[in-house]
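K.L.:
build me a model from this:
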Amino acid sequence: MEVAPASSAATLSRMRILVTVKFVPDLQSQRSFTDGAVTRTGDDGTMNELDENAVEAALQLKEAAGEGEVYALTVGGDDAVAAVRKALQLGVDHAIHVSDAGVAGSDVFGTAKVIAAAVRKVHEEDPLDLVITGMAALDGLTSMLPTALAAELGWSQLTLASGLTVEGGAASIVRHLPDAHETVSAPLPAVVSVTDEANTPRYPNFKLIMAARSKPVATWTLEDLGVDPSSVGAGAARTVVVDASPRPPRENRVTVTDTGEGGVALADFLIERGLA
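P.N.:
Got it, this is the predicted structure:
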């Protein structure tokens, strides 16, 4: 089967796309919980790596169409603005940061409600063709947001796309399964999630990095979006952290000083334990 290219828009002259990006903690750092939520600090996080594929897919569609606009949207505290700043460095046109204390503690359903309200606000000003997300956020790995967002919006959903094309008022994706490839289409507007197989994200160039420093970021609150604070946040969450404990220290470590035979020592170690 011939796989569709990562993205194209041969018959569209203008594309308007919104990409969701999330600020996530450094997964290699030591994590802890405060009142049932992951403790976050602004100096150890970054834009979710899998969201870079979503940004790249949107930029490719815009470039193929020859004209259009790409929005990056994030939801979170003050530090979350770093996610949309990174998207600006990659080449998106506009950045939106939904920041409100009432959002804190939201589960995927609350987050989807807030994002949907922001999407509607953009869509009402000038209709969007697509909302594109990454396949998952690396801090939660639920992969539920695209479906929850599509349900909130009442839009079609195309998930886990390894290839994405837009033509004739419809989006089509290729989805790779263990024993088959699926091609699925839906009319626009639609919500699409892309996998890390969809493309290779570009690196930001110096000009865009410098421009992103001064480019405006729109900051919206729940009031701006018309969202009732009681319908989101920790109080409205359908999931709750019952218990959390520190990761136990590693025990029975074996340290091998490599004096030229490190590879042999590693091979012996794996063989002895039936791992090779």
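
K.L.:
what residue ranges in this structure score low on pLDDT?
P.N.:
1-13, 27-44 (pLDDT under 70).

K.L.:
strands of that one, start to end?
P.N.:
15-20, 23-25, 33-34, 37-38, 45-47, 68-75, 94-98, 130-134, 156-161, 163-167, 170-177, 180-187, 190-194, 217-220 (DSSP state E).

K.L.:
in a markdown table: these, plus mean neighbour count and distance to Gly105.
P.N.:
Using the backbone N, CA and C atoms, a C-beta is placed for each residue, glycine as well. Output for the strands of the chain, formatted as a markdown table (neighbours: other Cβ atoms under 10 Å; distance: least, Cβ to Cβ, whole Å):
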| stretch | mean neighbour count | distance to Gly105 |
| --- | --- | --- |
| strand 15-20 | 27 | 19 |
| strand 23-25 | 22 | 16 |
| strand 33-34 | 11 | 11 |
| strand 37-38 | 14 | 6 |
| strand 45-47 | 20 | 17 |
| strand 68-75 | 24 | 12 |
| strand 94-98 | 22 | 15 |
| strand 130-134 | 28 | 21 |
| strand 156-161 | 21 | 26 |
| strand 163-167 | 22 | 33 |
| strand 170-177 | 18 | 33 |
| strand 180-187 | 13 | 33 |
| strand 190-194 | 28 | 24 |
| strand 217-220 | 16 | 19 |
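
K.L.:
and of these, who's closest to Val55?
P.N.:
strand 15-20 (5.3 Å; Cβ to Cβ).

K.L.:
give me the contact list for that closest one.
P.N.:
9, 51, 54-55, 58, 61-62, 65, 67-74, 87, 92, 115, 119, 122, 126-134, 145, 149, 166 (Cβ atoms under 8 Å, 6 or more residues apart in numbering).

K.L.:
before we move on, what about stretch 117-131?
P.N.:
For stretch 117-131, using Cβ under 8 Å, 6+ apart, the contacting residues are 12, 15-20, 58, 61, 71, 73, 75, 96, 98, 149, 153, 155, 166, 171, 188-192, 220, 224-227.

K.L.:
buried residues, it. List them.
P.N.:
Ala117, Ala118, Val119, Lys121, Val122, His123, Leu128, Asp129, Leu130, Val131 (16 or more other Cβ atoms under 10 Å).

K.L.:
now do the residue nearest to Asp224 when sequence neighbours are not counted against Ser143, distance only.
P.N.:
Nearest residue to Asp224 in three dimensions, chain neighbours excluded: Lys121, at 7.6 Å (Cβ to Cβ, 6 or more residues apart in numbering). Per Cβ to Cβ, to the nearest Å, Lys121 is found 25 Å from Ser143.

K.L.:
now swap in Ala54 and tell me
P.N.:
Taking Cβ to Cβ, one finds Ala54 at 13 Å from Ser143.

K.L.:
what touches both of the two?
P.N.:
Ser193.

K.L.:
the more surrounded of the two?
P.N.:
It is Ala54, of Ala54 and Ser143, that has more neighbours when counted by other Cβ atoms under 10 Å, with 30 against 17.

K.L.:
ok, the more buried one touching Ala137?
P.N.:
No - look at Ala54 against Ala137 with Cβ atoms under 8 Å: they stay out of range, at 11.2 Å.

K.L.:
return the distance of the longest helix along the chain from the chain's centre.
P.N.:
For the chain, the longest helix by residue count, based on DSSP state H, is helix 108-125. Counting by Cα atoms, centre = their mean, to the nearest Å, helix 108-125 is centred 15 Å from the centre of its parent chain.
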